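**Student:** quick one: sequence plus predicted model below, questions after.
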Amino acid sequence: MTRLSVNINKIATLRNTREGNTPNVKLAAINCEEFGAEGITVHPRPDERHIRYADVRELRPIVTTEFNIEGYPGVSFIDLVLEVKPDQVTLVPDAHDAITSNAGWNTVLHKEFLTDIVTTLKRAGIRTSLFIGADVEMAEGAALIGADRVELYTEPYAKAYPFNPEIAVEEFVKVAKTVADLGLGLNAGHDLNLQNLRFFNQSIPNLREVSIGHALISDALYFGLELTILKYKECLR
(Lines give C-alpha, C1' and ligand atoms only; values in the text may rest on other atoms or scores of the structure.)
Protein backbone atom coordinates (compact mmCIF):
# COMPACT_ATOMS: atom_id res chain seq x y z
CA MET A 1 0.00 0.00 0.00
CA THR A 2 1.19 3.50 -0.81
CA ARG A 3 2.28 5.30 2.36
CA LEU A 4 0.42 8.38 3.58
CA SER A 5 2.48 11.27 4.90
CA VAL A 6 0.38 14.01 6.48
CA ASN A 7 1.57 17.57 5.95
CA ILE A 8 0.76 19.47 9.15
CA ASN A 9 1.60 22.98 7.90
CA LYS A 10 -2.05 24.06 8.07
CA ILE A 11 -2.16 23.16 11.76
CA ALA A 12 0.70 25.61 12.30
CA THR A 13 -1.00 28.24 10.12
CA LEU A 14 -4.04 28.18 12.38
CA ARG A 15 -1.90 28.29 15.52
CA ASN A 16 0.00 31.31 14.24
CA THR A 17 -3.14 33.42 13.92
CA ARG A 18 -3.18 33.81 17.72
CA GLU A 19 -0.64 33.92 20.50
CA GLY A 20 -0.08 30.67 22.31
CA ASN A 21 0.12 27.07 21.16
CA THR A 22 -3.40 26.16 20.05
CA PRO A 23 -3.72 24.01 18.06
CA ASN A 24 -0.64 22.14 19.23
CA VAL A 25 1.55 21.10 16.30
CA LYS A 26 3.37 18.36 18.22
CA LEU A 27 0.11 16.85 19.45
CA ALA A 28 -1.27 16.94 15.91
CA ALA A 29 1.74 14.98 14.66
CA ILE A 30 1.39 12.43 17.45
CA ASN A 31 -2.32 12.00 16.73
CA CYS A 32 -1.76 11.64 12.97
CA GLU A 33 0.63 8.77 13.64
CA GLU A 34 -1.69 7.16 16.17
CA PHE A 35 -4.54 7.34 13.66
CA GLY A 36 -2.49 5.56 10.99
CA ALA A 37 -0.35 8.05 9.09
CA GLU A 38 2.94 6.50 8.01
CA GLY A 39 4.76 9.82 7.90
CA ILE A 40 4.73 13.47 8.91
CA THR A 41 5.65 16.21 6.43
CA VAL A 42 6.52 19.82 7.20
CA HIS A 43 7.53 22.68 4.93
CA PRO A 44 9.28 25.46 6.86
CA ARG A 45 9.60 28.72 4.93
CA PRO A 46 11.96 31.59 5.70
CA ASP A 47 9.14 33.82 7.00
CA GLU A 48 7.92 31.01 9.30
CA ARG A 49 4.31 31.85 8.48
CA HIS A 50 3.28 28.30 9.31
CA ILE A 51 5.83 25.69 10.43
CA ARG A 52 8.65 27.36 12.34
CA TYR A 53 12.22 26.16 12.50
CA ALA A 54 11.68 25.60 16.23
CA ASP A 55 8.74 23.29 15.38
CA VAL A 56 11.00 21.19 13.19
CA ARG A 57 13.51 20.75 16.01
CA GLU A 58 10.75 19.85 18.48
CA LEU A 59 9.09 17.40 16.10
CA ARG A 60 12.23 15.40 15.30
CA PRO A 61 12.36 13.38 18.57
CA ILE A 62 8.62 12.69 18.68
CA VAL A 63 7.98 11.58 15.08
CA THR A 64 8.18 7.80 15.17
CA THR A 65 7.19 7.07 11.58
CA GLU A 66 8.91 8.90 8.69
CA PHE A 67 9.84 12.56 9.00
CA ASN A 68 9.88 14.43 5.68
CA ILE A 69 11.00 18.05 5.46
CA GLU A 70 10.17 20.00 2.29
CA GLY A 71 11.68 23.28 1.27
CA TYR A 72 13.83 25.40 -0.97
CA PRO A 73 17.49 24.55 -0.37
CA GLY A 74 18.70 27.91 0.87
CA VAL A 75 21.53 28.10 3.39
CA SER A 76 19.33 28.27 6.50
CA PHE A 77 17.16 25.37 5.28
CA ILE A 78 20.15 23.15 4.57
CA ASP A 79 21.66 24.00 7.95
CA LEU A 80 18.38 23.03 9.61
CA VAL A 81 18.01 19.66 7.91
CA LEU A 82 21.66 18.76 8.49
CA GLU A 83 21.08 19.50 12.18
CA VAL A 84 17.77 17.65 12.45
CA LYS A 85 18.53 14.81 10.00
CA PRO A 86 15.03 13.78 8.94
CA ASP A 87 14.37 10.53 7.12
CA GLN A 88 13.74 12.41 3.89
CA VAL A 89 14.24 15.88 2.46
CA THR A 90 12.11 16.96 -0.49
CA LEU A 91 13.68 19.87 -2.36
CA VAL A 92 11.23 22.29 -3.99
CA PRO A 93 11.96 25.31 -6.21
CA ASP A 94 9.69 27.73 -4.32
CA ALA A 95 10.46 31.41 -4.22
CA HIS A 96 10.74 32.73 -0.65
CA ASP A 97 7.34 34.45 -0.92
CA ALA A 98 5.45 31.63 -2.65
CA ILE A 99 2.03 30.95 -1.17
CA THR A 100 2.37 27.27 -2.00
CA SER A 101 4.46 25.09 -4.31
CA ASN A 102 3.38 25.72 -7.89
CA ALA A 103 6.01 24.09 -10.11
CA GLY A 104 8.66 21.41 -10.17
CA TRP A 105 12.40 21.74 -10.68
CA ASN A 106 14.02 22.14 -14.04
CA THR A 107 16.58 19.48 -13.27
CA VAL A 108 18.52 20.19 -16.48
CA LEU A 109 18.90 23.93 -15.94
CA HIS A 110 19.71 23.57 -12.22
CA LYS A 111 21.77 20.40 -12.46
CA GLU A 112 24.99 21.79 -10.95
CA PHE A 113 23.22 23.58 -8.10
CA LEU A 114 21.11 20.56 -7.17
CA THR A 115 23.93 18.05 -7.54
CA ASP A 116 25.99 19.83 -4.90
CA ILE A 117 23.08 19.92 -2.46
CA VAL A 118 21.93 16.36 -3.05
CA THR A 119 25.49 15.13 -2.56
CA THR A 120 25.72 17.01 0.75
CA LEU A 121 22.42 15.61 2.01
CA LYS A 122 23.19 12.05 0.98
CA ARG A 123 26.57 12.20 2.69
CA ALA A 124 24.63 13.03 5.87
CA GLY A 125 22.53 9.89 5.37
CA ILE A 126 19.35 11.74 4.39
CA ARG A 127 17.20 10.33 1.59
CA THR A 128 16.68 13.10 -0.95
CA SER A 129 13.72 13.66 -3.25
CA LEU A 130 13.29 16.29 -5.98
CA PHE A 131 9.90 17.87 -6.69
CA ILE A 132 9.27 17.67 -10.45
CA GLY A 133 6.45 17.99 -12.94
CA ALA A 134 5.16 15.16 -15.11
CA ASP A 135 8.08 15.42 -17.52
CA VAL A 136 10.29 12.51 -18.54
CA GLU A 137 13.28 14.78 -19.16
CA MET A 138 13.04 16.19 -15.63
CA ALA A 139 12.96 12.66 -14.20
CA GLU A 140 16.05 11.75 -16.20
CA GLY A 141 17.71 14.90 -14.93
CA ALA A 142 16.92 13.94 -11.33
CA ALA A 143 18.64 10.61 -11.84
CA LEU A 144 21.75 12.32 -13.22
CA ILE A 145 21.79 14.63 -10.20
CA GLY A 146 21.82 11.61 -7.90
CA ALA A 147 18.44 11.97 -6.20
CA ASP A 148 17.00 8.95 -4.42
CA ARG A 149 13.41 9.79 -5.33
CA VAL A 150 11.25 12.27 -7.16
CA GLU A 151 7.95 13.70 -5.99
CA LEU A 152 5.49 14.37 -8.79
CA TYR A 153 3.74 17.74 -8.65
CA THR A 154 0.11 16.68 -9.05
CA GLU A 155 -1.84 19.95 -9.25
CA PRO A 156 -2.26 19.63 -13.06
CA TYR A 157 -3.72 16.15 -12.53
CA ALA A 158 -6.09 17.41 -9.84
CA LYS A 159 -7.36 20.25 -12.02
CA ALA A 160 -7.95 18.01 -15.05
CA TYR A 161 -9.37 15.02 -13.14
CA PRO A 162 -13.03 16.18 -12.99
CA PHE A 163 -13.18 16.48 -16.79
CA ASN A 164 -11.36 13.33 -17.90
CA PRO A 165 -9.47 11.20 -15.37
CA GLU A 166 -7.73 9.05 -17.98
CA ILE A 167 -6.28 12.02 -19.83
CA ALA A 168 -5.46 13.77 -16.55
CA VAL A 169 -3.26 10.91 -15.39
CA GLU A 170 -1.72 9.94 -18.74
CA GLU A 171 1.53 11.93 -18.52
CA PHE A 172 2.01 10.95 -14.90
CA VAL A 173 1.86 7.27 -15.83
CA LYS A 174 4.54 7.80 -18.48
CA VAL A 175 6.83 9.55 -16.03
CA ALA A 176 6.23 6.92 -13.36
CA LYS A 177 7.38 4.20 -15.73
CA THR A 178 10.49 6.19 -16.58
CA VAL A 179 11.20 6.76 -12.88
CA ALA A 180 11.02 3.03 -12.26
CA ASP A 181 13.36 2.32 -15.19
CA LEU A 182 15.83 4.86 -13.76
CA GLY A 183 15.82 3.08 -10.41
CA LEU A 184 14.37 6.02 -8.48
CA GLY A 185 11.67 5.93 -5.84
CA LEU A 186 8.39 7.71 -6.60
CA ASN A 187 6.37 10.05 -4.37
CA ALA A 188 3.55 12.44 -5.25
CA GLY A 189 1.76 15.41 -3.80
CA HIS A 190 -0.20 18.64 -4.22
CA ASP A 191 -3.99 18.93 -4.42
CA LEU A 192 -4.60 15.21 -4.00
CA ASN A 193 -7.88 14.67 -2.15
CA LEU A 194 -10.61 12.15 -1.40
CA GLN A 195 -12.13 12.62 -4.86
CA ASN A 196 -9.03 12.05 -7.00
CA LEU A 197 -6.58 10.09 -4.85
CA ARG A 198 -7.90 6.56 -5.39
CA PHE A 199 -7.78 6.78 -9.19
CA PHE A 200 -4.30 8.30 -9.12
CA ASN A 201 -2.99 5.60 -6.81
CA GLN A 202 -4.51 2.82 -8.91
CA SER A 203 -3.10 4.29 -12.11
CA ILE A 204 0.48 5.07 -11.07
CA PRO A 205 2.90 2.13 -10.92
CA ASN A 206 5.40 1.88 -8.05
CA LEU A 207 4.00 4.84 -6.10
CA ARG A 208 5.62 4.71 -2.66
CA GLU A 209 4.28 7.75 -0.85
CA VAL A 210 1.84 10.62 -1.11
CA SER A 211 2.17 13.80 0.95
CA ILE A 212 -1.17 15.48 1.63
CA GLY A 213 -1.86 18.50 3.77
CA HIS A 214 -4.38 21.15 2.75
CA ALA A 215 -7.19 18.84 1.64
CA LEU A 216 -6.69 16.36 4.48
CA ILE A 217 -6.66 18.98 7.23
CA SER A 218 -9.68 20.68 5.64
CA ASP A 219 -11.58 17.38 5.54
CA ALA A 220 -10.73 16.85 9.20
CA LEU A 221 -12.89 19.88 10.02
CA TYR A 222 -15.89 17.88 8.81
CA PHE A 223 -15.00 14.27 9.61
CA GLY A 224 -12.52 14.58 12.45
CA LEU A 225 -8.81 13.81 12.08
CA GLU A 226 -8.97 10.09 12.85
CA LEU A 227 -11.77 9.29 10.39
CA THR A 228 -10.20 11.52 7.75
CA ILE A 229 -6.88 9.69 7.89
CA LEU A 230 -8.73 6.38 7.64
CA LYS A 231 -10.60 7.66 4.57
CA TYR A 232 -7.35 8.70 2.87
CA LYS A 233 -5.68 5.41 3.71
CA GLU A 234 -8.64 3.55 2.24
CA CYS A 235 -8.03 5.39 -1.04
CA LEU A 236 -4.48 4.02 -1.03
CA ARG A 237 -5.34 0.35 -0.58
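**Tutor:** Received it, and whenever you're ready, just let me know what you need.

**Student:** which elements pack onto the helix or strand hosting Lys233?
**Tutor:** Lys233 is part of helix 225-235, with elements assigned from DSSP states H and E. In terms of contacts (3 or more C-beta pairs under 8 Å, 6 or more residues apart in numbering; DSSP states H and E), helix 225-235 is packed against strand 3-7, helix 25-34, helix 197-203, helix 214-223. All C-beta spots, glycine's among them, are computed from the backbone N, C-alpha and C.

**Student:** and the gap between the nearest residue to Leu144 once chain neighbours are set aside and Leu130?
**Tutor:** Leaving aside its chain neighbours, Leu144 sits nearest to Lys111 (6.7 Å; criterion: C-beta to C-beta, 6 or more residues apart in numbering). Distance, Lys111 to Leu130, by C-beta to C-beta, to the nearest Å: 11 Å.

**Student:** same check, this time on Ala188
**Tutor:** Ala188 is 13 Å from Leu130, by C-beta to C-beta.

**Student:** shared neighbours, the two?
**Tutor:** Glu151 (C-beta atoms under 8 Å, 6 or more residues apart in numbering).

**Student:** quick one: which of those two has more around it?
**Tutor:** More neighbours surround Leu130 than the other of Ala188 and Leu130, with 30 against 25 (other C-beta atoms under 10 Å).

**Student:** does the more buried one belong to a helix, a strand or coil?
**Tutor:** The three-state label given to Leu130 by DSSP: H, G, I helix; E, B strand; the rest coil is strand.

**Student:** for it, list the residues it contacts.
**Tutor:** Counted by C-beta under 8 Å, 6+ apart, Leu130 has contacts 90-91, 104-105, 107, 114, 118, 142, 145, 147, 149-151.
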